[in-house]
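Enquirer: Here is the input, now give the coordinates:
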Amino acid sequence: MPTLLMIILTGLVIAPGDQEPKPPDENAKRIEAVRTYLQTDDSTERRLALKLLSEATHTQVAEALANWRNTCKVEDKNQTITIDIPTEKRNAPKKLTVEIKIPDKYGGTTTSPLLIALHGQGGNGKQFIRAASALLGEHAKEFIIAAPTDYNGMWLGASETESAEPVAIIDALKRRYPIDTDRIYVLGYSLGGHASFMLATLYKDSIAAVVPLSGTCAIQMGAECLDVLLPNIHSTQVLAVYGADDQSEDPATHQPAGIAVWNRYIKQQATKLNLPITMIELPGVGHGGVIPPHKELEEILSTKRAPLSKTASHRFRYTSQARDGWLRQTQFAGQPWTSQQLIVSPANGETIAEAMAAMLKEKLGYIGGTIDGQTINIETHLCNRIEVLLNDNLVDLDQPIKILVDGTIRFEGVAKRSIKTMLDIAQEDWEFQRVFPVRFQIGRKGKAIQR
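Expert: This next block holds a predicted model:
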């Protein structure tokens with residue numbers, strides 16, 4: 001008999017001479033219904049689960065979503081797993097080996113924070129999971145630590161599947177282990193440091209904080225391009241630690257270049273923009289031997305993901321990168337920019353730096369918006385379709401709302417909460433600590449459609 005049906009019928013059959021058994025706790029039934037809806041392929045069971053959950057309040061279903069992972073039992077041992085990573089070739093995923101360290105006394109009945117540990121060039125997951133555990137010291141026993149081998153480093157110029165590989169790793173681990181999605185961290189060294197910095201820049205929605213060691217925000221197209229993308233890091237904590245001697249002379253310009261030079265520039269810009277980026281420069285240290293101060297490392301790895309903000313602003317190259325809290329782009333207008341170069345011709349009175357920044361803003365997609373009371377103002381660039389996700393922390397869903405996109409009213413009225421929408425978004429993102437009972441799909445023309 002299907003699990004959900006067993007729960008519904010429990011207590012209806014009484015054995016001779018027995019007292020009537022106590023009916024199951026209502027919250028336990030809701031949690032089991034959530035599990036069924038999210039995990040089964042049986043359409044009848046899903047329909048029954050949705051029917052049971054539809055009899056509850058939205059708050060009760062949100063609580064069941066937040067708590068159901070605490071009831072999941074998984075293997076409580078360190079292991080090596082293989083994750084299928086999508087590639088440009090259909091039905092030919094990349095097989096990525098990931099070393100997993102499970103917390104001490106782990107029973108699989110509570111969610112745990114996740115630390116993704118990204119090795120440097122020439123390294124591997126087996127080596128770096130030991131290094132990451134040593135950096136955490138006693139706190140390592142609190143984390144699920146995952147260290148992939150031969151992952152693709154993140155660069156602005158990478159293909160969509162290559163640049164999304166670290167996020168695909170996070171998604172696969174979320175679906176395998178009970179993870180506290182408000183406490184997902186990335187720590188990387190050298191190549192891994194570059195990747196962790198870029199993850200905070202382009203995929204901040206999934207991450208609470210990153211710790212780049214001997215790494216930088218490797219845009220590879222000049223400081224002007226960095227200036228355009230760095231403001232993306234408005235909600236994700238960054239602790240970047242690097243050696244003061246990690247630099248060399250640029251043979252073309254004979255000027256200092258390298259990680260230390262780039263990070264000093266980032267520190268200057270982050271201070272100017274009030275971004276949550278902490279830069280620590282270690283005197284007398286080069287590229288190797290960078291160890292983060294224990295106090296600062298402990299503090300950033302106890303940071304939780306920032307609460308949903310009523311302000312969104314995000315530039316991106318691909319649709320998979322186009323998320324900022326409650327606002328998403330789901331389809332480009334035209335084709336995304338895939339070139340590795342920027343060719344600019346400054347106008348009269350325009351500097352090369354200004355021309356490059358303007359060109360990059362033209363090439364990249366953009367989503368931005370503010371929620372002011374019940375009015376939602378959205379600005380877009382190169383977006384053929386966007387989604388707006390809402391909950392009662394963002395607006396009062398019992399009252400009328402107004403949605404404007406690029407100055408045009410696209411919806412005006414009362415949005416309808418939907419438990420099915422809440423469940424479907426949670427299933428798509430495997431995200432249970434941020435839930436949305438309202439989703440609008442908005443194209444370039446016409447009214448917003450509630451899905």
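Enquirer: C-alpha only now, for contacts and for neighbours.
Expert: Will do.
Enquirer: max-length strand in this structure?
Expert: strand 179-189 (DSSP state E).
Enquirer: Helices along this protein, start to end?
Expert: All helices of the chain, identified by DSSP state H, fall at 3-9, 26-39, 43-54, 58-67, 125-136, 160-163, 165-176, 191-202, 223-229, 259-273, 294-300, 352-363, 419-429.
Enquirer: Would you mind writing the CA trace of the longest one as PDB?
Expert: Listed in PDB are the C-alpha atoms of helix 259-273, where the atom choice follows Å, rounded to 0.1, in the frame of the first residue of the first chain:
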ATOM      1  CA  ILE A 259      46.400  38.300  -7.400                       C
ATOM      2  CA  ALA A 260      47.600  40.800  -4.800                       C
ATOM      3  CA  VAL A 261      47.300  43.700  -7.300                       C
ATOM      4  CA  TRP A 262      43.800  42.700  -8.300                       C
ATOM      5  CA  ASN A 263      42.600  42.100  -4.700                       C
ATOM      6  CA  ARG A 264      43.900  45.500  -3.600                       C
ATOM      7  CA  TYR A 265      41.800  47.000  -6.400                       C
ATOM      8  CA  ILE A 266      38.800  44.900  -5.300                       C
ATOM      9  CA  LYS A 267      39.200  46.100  -1.700                       C
ATOM     10  CA  GLN A 268      39.200  49.700  -2.800                       C
ATOM     11  CA  GLN A 269      36.000  49.200  -4.900                       C
ATOM     12  CA  ALA A 270      34.200  47.100  -2.300                       C
ATOM     13  CA  THR A 271      34.800  49.900   0.300                       C
ATOM     14  CA  LYS A 272      33.400  52.500  -2.100                       C
ATOM     15  CA  LEU A 273      30.300  50.300  -2.900                       C
END
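Enquirer: could I get the helices of the chain as TSV with distance to residue 346, mean pLDDT and mean neighbour count?
Expert: Output for these, formatted as TSV (distance: least, C-alpha to C-alpha, whole Å; pLDDT from 0 to 100; neighbours: other C-alpha atoms under 10 Å):
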stretch	distance to residue 346	mean pLDDT	mean neighbour count
helix 3-9	65	44	14
helix 26-39	53	95	20
helix 43-54	58	97	17
helix 58-67	52	94	19
helix 125-136	46	96	18
helix 160-163	29	82	20
helix 165-176	36	90	18
helix 191-202	27	93	28
helix 223-229	14	81	18
helix 259-273	24	95	17
helix 294-300	42	97	13
helix 352-363	5	86	18
helix 419-429	42	97	18
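Enquirer: Could you dump these into TSV with distance to residue 371 added?
Expert: Converted to TSV, the helices of the chain look like this (distance: least, C-alpha to C-alpha, whole Å):
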stretch	distance to residue 371
helix 3-9	40
helix 26-39	30
helix 43-54	29
helix 58-67	22
helix 125-136	39
helix 160-163	30
helix 165-176	28
helix 191-202	22
helix 223-229	23
helix 259-273	21
helix 294-300	29
helix 352-363	23
helix 419-429	20
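Enquirer: between those, which one is nearest to residue 184?
Expert: helix 165-176 (8.5 Å; C-alpha to C-alpha).
Enquirer: by how many degrees do that closest one and strand 179-189 diverge?
Expert: Here helix 165-176 runs at an angle of 150 degrees relative to strand 179-189 (axes from the mean of the first three to the mean of the last three C-alpha atoms, to 10 degrees).
Enquirer: now what about helix 165-176, what contacts it?
Expert: Helix 165-176 has contacts (C-alpha atoms under 8 Å, 6 or more residues apart in numbering) with 83, 85-86, 116, 151-152, 181, 199, 203, 206, 429-430.
Enquirer: In TSV: those residues, plus distance to residue 399.
Expert: Shown next, in TSV, are those (distance: C-alpha to C-alpha, whole Å):
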residue	distance to residue 399
83	45
85	43
86	42
116	42
151	47
152	47
181	30
199	37
203	32
206	30
429	27
430	29
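Enquirer: Return a selection command, for use in PyMOL, containing the buried ones of those residues.
Expert: The following PyMOL line selects those of the contacts of helix 165-176 that are buried, judged by 16 or more other C-alpha atoms under 10 Å:
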select buried, resi 83+85+86+116+151+152+181+199+203+206+430
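Enquirer: Out of the contacts of helix 165-176, the closest to residue 363 would be?
Expert: Distances from residue 363 to the contacts of helix 165-176, taken by C-alpha to C-alpha, are shortest for residue 203, at 18.4 Å.
Enquirer: The closest one: what's it in contact with?
Expert: Residue 203 makes contact with 167, 321, 323, according to C-alpha under 8 Å, 6+ apart.
Enquirer: ok, now residue 54?
Expert: Neighbours of residue 54 in contact, by C-alpha under 8 Å, 6+ apart: residue 419.
Enquirer: what number of residues lie near residue 214?
Expert: Counted by other C-alpha atoms under 10 Å, the residues lying close to residue 214 total 29.
Enquirer: now swap in residue 238 and tell me
Expert: As a burial measure, residue 238 scores 23 neighbours (other C-alpha under 10 Å).
Enquirer: For residue 186, see how far away the residue nearest to it when sequence neighbours are not counted is.
Expert: Leaving aside its sequence neighbours, residue 238 sits nearest to residue 277 (C-alpha to C-alpha, 6 or more residues apart in numbering; 4.6 Å). According to C-alpha to C-alpha, to the nearest Å, residue 277 and residue 186 sit 14 Å apart.
Enquirer: Check residue 193 too.
Expert: 9 Å.
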